Each structure stands twice: as structure tokens, then as C-alpha cells.
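Participant: Build me a model:
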Amino acid sequence: RTMTDQRDENGKLLPDSERLTKFGKFLRSTSLDELPSLVNIAIGNLSLVGPRPQLIRDMVFMTKEQRRRHDIRPGLTGLAQVNGRNNITWQRKFEYDLEYLDSGITFIGDVRIILQTVGKVLRKSDTVRDGTVSDMDFGDWLMLQGEVDKDKYDEKQEEAKVLLKM
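Facilitator: Numbering: from 1, shown residues only. Okay, here's the model as predicted:
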């Protein structure tokens, strides 16, 4: 396991930075935690290059335009990963995903992204957003930015729960 299930006195999970194990930090810094995704690539659930898979709880916060990123199969790496990964805003990530989609997906373009990804992994570049241990969920980020209030956040979380039960 890369994270513990440590909780506070109210039973709420502690922040990732407090739950991440030494082994987990190593796996994430080297991106070795992504290796199981190769199985999903082999069976066709995931592409090598494309927008990163997104949680249902994050998708309910996306605009119609941002959801277009789901028009193609998700990937292990993509434009957002080679252009900042966890050090760019969610808005910028979605812009890169749509740029990839709209610019015309090509073999040469994908090879460039793969080579850039290898370089990023070897340099351990952009693996952690400044000040955090792990990337924040989109809805949480929106609330932190003041773009969504607590009531809207809770409403969207309920919407996601309904979708997950379908």
C-alpha cells in the first residue's frame, strides 16, 4: 500500500501528505505506480496517449466543453502530463486535453508525447504540485479556488453517487 487509512478524531481521512508511506512517496516520485496501467492498455481500456482518466466525482463539476475530453479513450500520458502534470491548474489540464483532441491525433504527435513523458519520468519532473503530496480532485480544487461553494460541492457529490449506482 502506498497510503495508510489514518483518520482524525471525527473519522475523516487525514490529508494525503500525512497518509503517504515512504514506499508510496518513492513509487509516486518515480511514476512506478503507473505500471499496473499497462494491463489496462493491453486489454484496450486505456490508450498509451490521451487525456488521463477522470473520477466520476470530478466529471460532475466539468462544463460541457471540458467533458469533450471523454470523446476519446483515456491515456496513461498526454499533453497535460508533459506540460506541467501536477504543477498546472485543472483549467490548464483540460485545455491541454482539448488541444490534443482538436489538433488531430497523430502517430508522430503521440511518439513526441511518449518521449517527453520518458524524459519527465527520468527527471522526476512535475510529479508533485507545489505544496502538496498528491494532486487534488477537481471539485476540491474548485472549492479551494472559491469557484464552488460548499452547498454546490455537496450537491455535485450526491450527483456523482447517483451516477456511480447506475
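Participant: Now Y153: closest residue in space that isn't a chain neighbour?
Facilitator: Computed as CB to CB, 6 or more residues apart in numbering, the closest residue to Y153 that is not its neighbour in sequence is M143, at 5.0 Å. Placement of C-beta: from N, CA and C, glycine included.
Participant: After the helix or strand hosting the one you found, which helix or strand is next?
Facilitator: Here M143 is covered by helix 138-144, with elements defined by DSSP states H and E. Counting by DSSP H and E, the next helix or strand C-terminal to helix 138-144 is helix 150-165.
Participant: And that next one, what's buried?
Facilitator: 156, 160 (16 or more other CB atoms under 10 Å).
Participant: just to revisit the earlier point, quick one: mean pLDDT for the helix holding M143?
Facilitator: Averaged across helix 138-144, pLDDT comes to 89.
Participant: can you list contacts of that helix?
Facilitator: With contact meaning CB atoms under 8 Å, 6 or more residues apart in numbering, helix 138-144 is reached by 54-55, 57-58, 60-62, 89-90, 136, 148-150, 153, 156-157.
Participant: Lowest-confidence member of those, which is it?
Facilitator: Among the contacts of helix 138-144, M136 has the weakest pLDDT, 77.
Participant: For burial, what's the neighbour tally of it?
Facilitator: 16 (other CB atoms under 10 Å).
Participant: Kindly report the same for W141.
Facilitator: W141 has 18 nearby residues by other CB under 10 Å.
Participant: again, but for W90
Facilitator: With other CB under 10 Å as criterion, W90 counts 22.
Participant: Kindly provide the distance from it to Q6.
Facilitator: Counting by CB to CB, to the nearest Å, the gap from W90 to Q6 is 26 Å.
Participant: the helices in this structure, which residues?
Facilitator: For the chain, applying DSSP state H gives helices covering 16-19, 22-30, 37-42, 56-59, 64-67, 79-82, 90-102, 107-123, 138-144, 150-165.
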